[in-house]
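S.K.: Based on what follows, work out the 3D shape:
(one chain, ligands or ions: 1)
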Amino acid sequence: MSVQAIPAAIIGDTRVAGDVVQSVYDPANEDAVAQLQEADAAVVDQAVRAAVAGYAEWRTVSVEGRQKVLRQMADLIDTNADELADLETSNTGIPLAQAHGRHVKRAAHNFRFFADYIGQAEGQIYEQDPAFLTLVRRESVGVAGLIAPWNAPIALGGMKIAASIAFGNSCVIKPSEQASLGVTRLVEVLQQADTPRGVINLVNGRGAITGQALVVHPQVDRVSFTGGTTTGKAIMSAAGAHLKPCTMELGGKSANIIFESADFETALDGALLGIFTNNGQQCLAGSRILVQRSIADRFIEAFVERARKLRIDHPRSATVELGPLASAPHRDRVLSFAAQARTEGARVLLGGERSTKFDRGYYIDPIIIAAPSNDISACQDEIFGPFASILTFETPEEAYALANATKFGLVSYVWTQDLMLAMEAQERLESGVVWVNTPMMRELRAPFGGFKESGVGAEGGRACEQFYTREKTVTIRKSRAPLQRLGLG
Ligand code: NDP
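M.R.: Here you go, the predicted model:
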């Protein structure tokens with residue numbers, strides 16, 4: 001692939017140039033695939049102004065008109081799916097089959113989902129006092145500032161764009177500086193739909209420069225962020241100074257609890273999927289595997305054996321199961337947790353080094369450790385890679401205590417065929433999502449959001465409706481009875 005220029009911004013349908021601030025690499029071979037130009041505060045301001053202008057027109061478009069555009073956008077994504085998936089893989093190392101079959105497909109689905117959702121809107125009317133009719137309207141809010149991470153740029157960025165514009169807003173999206181190729185092309189593709197100019201805009205650049213300028217811009221009315229917890233806290237503080245509502249989809253350290261009553265083979269398959277898909281770089285990864293002691297030896301042995309056989313390969317290979325990590329610093333960070341775990345008394349059961357299969361590229365072997373306690377860093381910090389920390393427990397009470405002993409609370413996985421135990425577990429676990437006997441089932445109608453330091457607010461049908469609209473209460477007097485009259489002397 002030739003080295004492309006990633007524009008500093010796409011404002012309306014115009015590419016805007018800026019200073020080149022860094023190269024963007026293909027994690028599979030370490031080649032520079034693009035040069036990233038940066039939007040400074042002035043360019044961000046132009047993008048937001050374009051969004052304000054686009055909003056003035058878009059907010060007046062009927063539900064039917066918006067549905068038509070959203071469906072057109074979904075079709076455009078489908079038509080360009082090969083190219084989008086290809087760019088996503090070049091920039092992130094996500095296996096092409098997953099980029100195509102999950103990420104790009106999901107992006108198109110998001111637009112269709114919100115097209116359907118807005119057609120089902122319900123309202124509220126109150127008539128407690130027969131002299132008055134009170135109705136509650138939901139209005140769009142204006143310009144949404146959308147900030148997306150590098151681990152699933154098109155899927156997560158596409159979700160934010162679809163949700164914000166479905167409810168009549170315009171948006172400015174900022175992808176991650178290291179993974180903006182796919183989202184930049186996605187925005188160009190979406191611009192081909194019949195929207196007013198300025199409904200969708202993009203700014204590229206570093207978080208502290210471009211992202212910060214977007215968050216604090218006075219004409220950005222909502223901030224939707226997906227990324228790390230530390231960044232989320234900084235963004236929420238900056239937005240809070242301007243009283244801007246935010247949603248924060250942040251990190252996780254999710255417990256994957258395997259009870260002795262689980263269907264052994266299904267739980268094993270689920271545990272492998274939970275930590276090794278998307279090259280292990282997912283917020284919802286089941287990264288702490290808690291196994292009941294009676295089945296622990298058998299489970300751990302089988303888990304390690306299967307992980308040893310994972311097909312580490314180039315992300316474009318048809319049979320790849322684990323591709324390269326997203327960047328060299330990230331690879332080094334993931335590996336550093338294995339070394340640290342050893343010093344904290346963990347047994348490294350598999351991996352811990354760079355993969356010897358390739359000379360170039362950010363490949364590592366999958367890592368599995370037996371943790372001596374839930375307190376070590378590999379059980380408390382989000383590693384965001386193919387790194388499973390295993391702990392054992394005796395009783396369900398112990399499992400819940402271990403699962404909840406973390407600052408995070410994004411998802412939990414529970415594997416059991418005992419219905420009462422599953423019901424008890426879902427009640428006791430402190431996370432925004434609990435998956436029972438399944439890995440990663442995303443139901444878009446339901447909220448997806450984290451408890452504790454995993455987030456504030458959620459994404460999903462109604463959750464997005466609440467975030468991207470504001471309620472207005474309108475009371476109309478319908479009685480001819482005279483008002484109390486003041487000032488008559
Ligand atoms: P980061 O927090 O590093 O960055 C996320 C985004 O924020 C990037 O676009 C980044 O830009 C931008 N950013 C950084 N600093 C600022 C700032 N001061 N103001 C505005 N924007 C800023 O996360 P990663 O990209 O490393 O993504 C991985 C993280 O995302 C993990 O912690 C993961 O758990 C989380 N995540 C959460 C999900 C969820 O739904 N809960 C889903 C997927 C991921 P730049 O990259 O250019 O610095």
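
S.K.: what sits up against the helix or strand containing residue 44?
M.R.: For residue 44, the host element (DSSP states H and E) is helix 41-58. The contact list for helix 41-58 (C-beta atoms under 8 Å, 6 or more residues apart in numbering) reads 8-9, 11-12, 16, 18, 39, 66, 140, 142-143, 145, 165, 168-172, 195-203, 209-210, 213-214, 217, 219-220. All C-beta atoms are positioned from the backbone trio N, CA, C, and that covers glycine.

S.K.: Mind giving me the packing neighbours of the helix or strand just after that helix?
M.R.: Per DSSP H and E, the first helix or strand lying C-terminal to helix 41-58 is helix 63-79. Helix 63-79 sits against helix 105-118, helix 153-166, helix 181-190, with contacts defined as 3 or more C-beta pairs under 8 Å, 6 or more residues apart in numbering; DSSP states H and E.

S.K.: wait, which of those helices is closest to the ligand?
M.R.: For those, proximity to the ligand was assessed by C-beta to the nearest ligand atom; helix 153-166 is nearest, at 5.9 Å.

S.K.: CA atoms only for whichever strand or helix holds residue 339, dumped as CSV, please.
M.R.: With secondary structure defined by DSSP H and E, residue 339 is part of helix 328-343. Extracted as CSV, the C-alpha positions of helix 328-343 are listed here (Å, rounded to 0.1, in the frame of the first residue of the first chain):
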residue,chain,number,x,y,z
ALA,A,328,5.1,-1.1,19.1
PRO,A,329,4.6,0.8,22.4
HIS,A,330,1.4,-1.1,23.1
ARG,A,331,3.1,-4.4,22.4
ASP,A,332,5.9,-3.5,24.8
ARG,A,333,3.3,-2.4,27.4
VAL,A,334,1.4,-5.7,27.2
LEU,A,335,4.6,-7.7,27.5
SER,A,336,5.7,-5.7,30.5
PHE,A,337,2.7,-7.0,32.4
ALA,A,338,4.0,-10.5,32.0
ALA,A,339,7.4,-9.6,33.5
GLN,A,340,5.8,-7.6,36.3
ALA,A,341,3.5,-10.6,37.1
ARG,A,342,6.5,-12.8,37.5
THR,A,343,8.0,-10.4,40.0
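
S.K.: Direction included, what does the helix or strand bottoming out on mean pLDDT in the chain pair against?
M.R.: Least confident helix or strand of the chain, by mean pLDDT, DSSP states H and E, is strand 4-6 with a mean of 91. Partner strands and pairing direction for strand 4-6 (DSSP bridges) are strand 32-38 (parallel).

S.K.: And the ligand, is the partner strand touching that?
M.R.: No: if you take C-beta under 6 Å from any ligand atom as the test, strand 32-38 misses the ligand, and the best it gets is 8.8 Å.

S.K.: Residues contacting that strand, please?
M.R.: 1, 3-8, 17-26, 90-91, 177, 180-181, 204-206, 209-210.

S.K.: buried residues in that strand?
M.R.: By neighbour count on 16 or more other C-beta atoms under 10 Å, the buried set for strand 32-38 is 33, 34, 36, 37, 38.

S.K.: In contact with residue 134, which residues?
M.R.: Residues near residue 134 by C-beta under 8 Å, 6+ apart: 125, 126, 127, 473, 474, 475, 476.

S.K.: 7 Å - rerun?
M.R.: If a contact means C-beta atoms under 7 Å, 6 or more residues apart in numbering, then residue 134 has 126, 473, 475 as its contacts.

S.K.: From these, which land in helices?
M.R.: The helices, defined by DSSP state H, take in nothing from those.

S.K.: Residue 147 and the ligand, how far apart?
M.R.: Using C-beta to the nearest ligand atom, to the nearest Å, residue 147 is found at 5 Å from the ligand.

S.K.: what about the nearest residue to that residue once chain neighbours are set aside, how many residues close to it?
M.R.: Sequence neighbours aside, residue 225 is the residue nearest to residue 147 in space, at 4.6 Å (criterion: C-beta to C-beta, 6 or more residues apart in numbering). Other residues near residue 225 come to 28 when the count uses other C-beta atoms under 10 Å.
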